[in-house]
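>>> dropping the sequence and predicted coords here.
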Amino acid sequence: MKIDLRILNGNTREPSDTLRAEVLPEELGEVRLSGPATVELGIERAQREILLSGRVFGKQWLTDCRTLEEYEHSFDVPLLVRVVLDPHVASSVFDDGDEEEFLLTVNPQEGEIDLTECVRQQILLNEPLRPVKDPDAEFKWVEAEEKPGEKIDPRWGKLQRLKERMSSPKAEEQEL
């Protein structure tokens with residue numbers, strides 16, 4: 001997601017204090033969006049800094065940790081990016097060391113900034129650790145039953161016979 005620096009600096013005909021853009025699924029790599037994500041940012045200008053604060057929202061595909069089924073998960077995460085304009089920097093420098101905000105140092109002559117990495121990291125950092133499709137539903141594990149016509153691997157035969165012998169009443173009498 002690239003933004004023209006002229007918009008951020010207020011050098012366009014209609015300087016806006018807000019910015020709204022869409023991020024396409026293919027732009028974010030391993031974030032599996034189910035459609036475009038929307039980025040809404042407020043713009044605060046200072047001498048050599050621009051503060052972008054707002055949110056990113058959309059839907060992504062996650063895997064349920066209990067059933068391993070994919071499901072669509074809605075997200076709405078905050079985004080805070082401080083852009084520092086420094087003519088002494090040769091190319092953009094990305095810093096995500098601060099937990100609260102991303103820092104981009106750019107040369108004003110570059111013409112645009114790329115917020116793709118900021119958006120990608122913020123979505124990934126706010127994914128649930130153990131995603132569950134329906135957290136309020138009671139979960140019951142159901143084991144797959146063996147079908148009568150299904151072939152059993154012959155290597156399990158000895159183990160199956162041992163299990164049958166151990167569970168028979170004669171085996172219990174011998175232990176006593």
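Yep, that arrived. Note that the structure is a prediction, hence the values are computed from the model and not measured.
>>> which secondary structure element contains L41?
L41 belongs to strand 37-45 when elements are defined using DSSP states H and E.
>>> counting by contacts, list what that strand packs against.
Where contact means 3 or more C-beta pairs under 8 Å, 6 or more residues apart in numbering; DSSP states H and E, strand 37-45 is packed against helix 5-9, strand 18-23, strand 49-63, strand 70-85, helix 116-125. Every residue, glycine included, has its C-beta placed from N, CA and C.
>>> at 7 Å instead, please
The contact analysis (3 or more C-beta pairs under 7 Å, 6 or more residues apart in numbering; DSSP states H and E) places strand 37-45 against strand 18-23, strand 49-63.
>>> those strands: lowest mean pLDDT?
Lowest mean pLDDT of those: strand 18-23, a mean of 80.
>>> and that one, what does it pack against?
The helices and strands touching strand 18-23, judged by 3+ C-beta pairs under 7 Å, 6+ apart, are strand 37-45.
>>> what angle separates the strand it packs on from strand 70-85?
Counting by axes from the mean of the first three to the mean of the last three C-alpha atoms, to 10 degrees, strand 37-45 lies at 20 degrees to strand 70-85.
>>> next one: the residue nearest the centre of the chain from L28, what distance?
Nearest residue to the geometric centre of the chain (C-alpha atoms, centre = their mean): L124, 3.2 Å. For L124, the distance to L28 (C-beta to C-beta, to the nearest Å) stands at 9 Å.
>>> list residues touching both of these two?
Common contact partners of L124 and L28 (C-beta atoms under 7 Å, 6 or more residues apart in numbering): none.
>>> on the three-state scheme, K158 is what?
Here K158 is recorded as helix under DSSP: H, G, I helix; E, B strand; the rest coil.
>>> again, but for A90
Classification of A90 using three-state DSSP returns coil.
>>> and the pLDDT at it?
pLDDT, A90: 77.
>>> for it, which non-adjacent residue is spatially closest?
Computed as C-beta to C-beta, 6 or more residues apart in numbering, the closest residue to A90 that is not its neighbour in sequence is N107, at 6.9 Å.
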